[in-house]
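Student: Turn this into a model:
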Amino acid sequence: MDQTDAAPGNGKQGFDSGELLTCLMAGIAEFVFIHTLAGKIREVNSAAAKGLGFTTQELLSSDMTAVLASPPPFRVKQAWKNLDRGHPFSAEGIVRRKDGTSFPALLSFFPLIRGNEPAVLTIARDIADLKAAGGGLSRESFKDPLTGLYNRAFFEDELKRLDCDRQLPLSIIMGDLNGMKMVNDAFGYQAGDAMLKAAAKVLRKICRSSDLLFRWGSDEFVILLPHTREDDAASIVCRIEDAFRKIQVKDMPVPPSMSLGYSAKLHRWQDFANVFRDAEEDMYEKKTSESRKIRETILESIFASLADTTPETAEHNLSVRRLCRMLGMRLGLERPDLEKLDLAACLHDIGKASIPSRILSKSGPLTEEEWEDVKRHAEAGYKVASSATPDVASVADEILSHHERWDGTGYPSGIPGEDIPLLSRIIAVADAFDVMTRGTPYRPARSKDDALREVKEQAGRQFDPKIAALLLEIRGKTDEETDDQLFPARDLTVE
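Tutor: Next up, the predicted model:
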């Protein structure tokens, strides 16, 4: 950064603006971010990391969509681009914590120049704190800004009011929205937010006017039901479950579902903390028993989404699997490793579900910002695989590294040579060869001879030279591997 100007005529050197900004970021309680116009976070103050529950490194390896639930990304990115023309502005938005909870915030955006790169200084201030400083909290400060339900702080206050003899029997229902982490990893936080809103709408529709609804945590909900017996709470749980089974939400990749538990305080001598724990245990017992089916549904939805946005995915996957099998056998891999290679090849592009369909189907060259979105699919695939069965999780590292390069200039980690998992190196060659010969929406297909020349030229740079040489050896046999020689389709569900 340039130095700030010295006062005219005083003969003194101006303050170093970089040092001044660092001191200001460290000394204020507001959440401060410095990021690119595309949203990539470059600097963050300790107040933001601590207040949002992230480590500083987690934020620096992420972008602003991880912390800004609102305004929508396309709107705020357009506003950031306007900042380049010298138009700072402020807006109300929603800031998301690591645990998925959120709060309304006043957002201020200022243009910066970091070297030759335009950047943005974003300051987020909790609106509830601003109201408190101005003389008291409004009732709206007790509501979750995303779902409109009451928040956890209001639950604590209401429980003090309701936990008394005249409200007995006092029932509680606890609900946990299923598969939130996988949905966020696969489709982005916007999909997860849409699920939360849809779930809140279902709960409002079923619950009575006397019931109190709360968003308890990132994906957990609580309902307090005064003057409600346990069997009546059970009936309401059944109605909620039935409503979720019937729900149809337009443009949502995965329909929301919820695991529910309930309990009731019948007598004054009962400790409500124990009643709460009983409802929670009931909920988690159901969630455990339903987990396999839930995550199977989410994985199916991911593949369905990829089929809709990239129709060539199924054929591409088969071709990559065939090539990987041939290369793996030439390398002398044993059957367990061949099976693992086959699974990794089958799932290598699963993270592309997180990329907007307009980018995947774009017929022209990608912009730098769009390319950054594409490159995130390796990490997204890693996160989805890590949440799945032990079998699928075992290939998460291979999915993460299948776009690394032999010379260390690949993504996402930039690891070189044999530090890249062997199976990832095999997939990298097979994937690139098939993409070249199949073509993309913005690049025509190349002949096999042309694609093989490219592989040869990139040996030792993009590709493991040994694996590239093996592909060149089998150049006339790349179509000989038939589908029935591949390993059978794997059960991708979660225990």
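Student: pLDDT at the residue nearest to residue 203 when sequence neighbours are not counted, what is it?
Tutor: Of all residues not flanking residue 203 in the chain, residue 213 sits nearest, at 5.5 Å (C-beta to C-beta, 6 or more residues apart in numbering). Where you see a C-beta, it was placed from the backbone N, CA and C, and this is true even at glycine. On the pLDDT scale, residue 213 is placed at 95.
Student: now residue 106: how far from residue 459?
Tutor: Look at residue 106 and residue 459: by C-beta to C-beta, to the nearest Å, they are 54 Å apart.
Student: got a list of what the nearest residue to residue 153 once chain neighbours are set aside touches?
Tutor: Excluding the flanking residues, the one nearest residue 153 by C-beta to C-beta, 6+ apart is residue 142, at 6.2 Å. If a contact means C-beta atoms under 8 Å, 6 or more residues apart in numbering, then residue 142 has 150, 151, 153, 154, 157 as its contacts.
Student: Among the residues you listed, name the ones in strands.
Tutor: Nothing among the contacts of residue 142 maps onto strands, per DSSP state E.
Student: Looking at those residues, which has the smallest pLDDT value?
Tutor: The lowest pLDDT within these belongs to residue 153, which sits at 76.
Student: quick one, longest strand in this structure?
Tutor: The chain, longest strand under DSSP E: strand 102-114.
Student: What helices and strands are in contact with it?
Tutor: If you count contacts as 3 or more C-beta pairs under 8 Å, 6 or more residues apart in numbering; DSSP states H and E, strand 102-114 packs onto strand 31-36, helix 73-83, strand 89-96, strand 117-126, helix 127-133.
Student: Quick one: residues in contact with the helix or strand following the shortest one.
Tutor: Using DSSP states H and E, the helix or strand that follows strand 31-36 in sequence is strand 41-44. Taking C-beta under 8 Å, 6+ apart as the criterion, the residues outside strand 41-44 that touch it are 25, 32-36, 56, 59-60, 62-64, 114, 119.
Student: Among those, name the buried ones.
Tutor: With burial judged by 16 or more other C-beta atoms under 10 Å, the buried subset of those is 25, 32, 33, 34, 35, 36, 59, 62, 63, 64, 119.
Student: would a markdown table of those residues with distance to residue 170 and pLDDT be doable?
Tutor: Listed next are the buried ones among the contacts of strand 41-44 as a markdown table, based on distance: C-beta to C-beta, whole Å; pLDDT from 0 to 100:
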| residue | distance to residue 170 | pLDDT |
| --- | --- | --- |
| 25 | 47 | 71 |
| 32 | 44 | 91 |
| 33 | 43 | 92 |
| 34 | 49 | 90 |
| 35 | 47 | 88 |
| 36 | 51 | 85 |
| 59 | 41 | 90 |
| 62 | 42 | 85 |
| 63 | 44 | 87 |
| 64 | 42 | 88 |
| 119 | 53 | 84 |
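Student: between the residues you listed, which is nearest residue 417?
Tutor: For these, the residue nearest residue 417 by C-beta to C-beta is residue 62; the value is 27.5 Å.
Student: List the contacts of that closest one.
Tutor: The contact partners of residue 62, by C-beta under 8 Å, 6+ apart, come to 41, 54.
Student: gap between it and residue 350?
Tutor: In terms of C-beta to C-beta, residue 62 sits 20 Å off from residue 350.
Student: The longest strand of the chain relative to strand 117-126, how many degrees between them?
Tutor: Relative orientation of strand 102-114 versus strand 117-126 (axes from the mean of the first three to the mean of the last three C-alpha atoms, to 10 degrees): 150 degrees.
Student: Torsion angles phi and psi at residue 458?
Tutor: For residue 458, the backbone dihedrals (degrees, to the nearest 10) come out as phi -90, psi 0.
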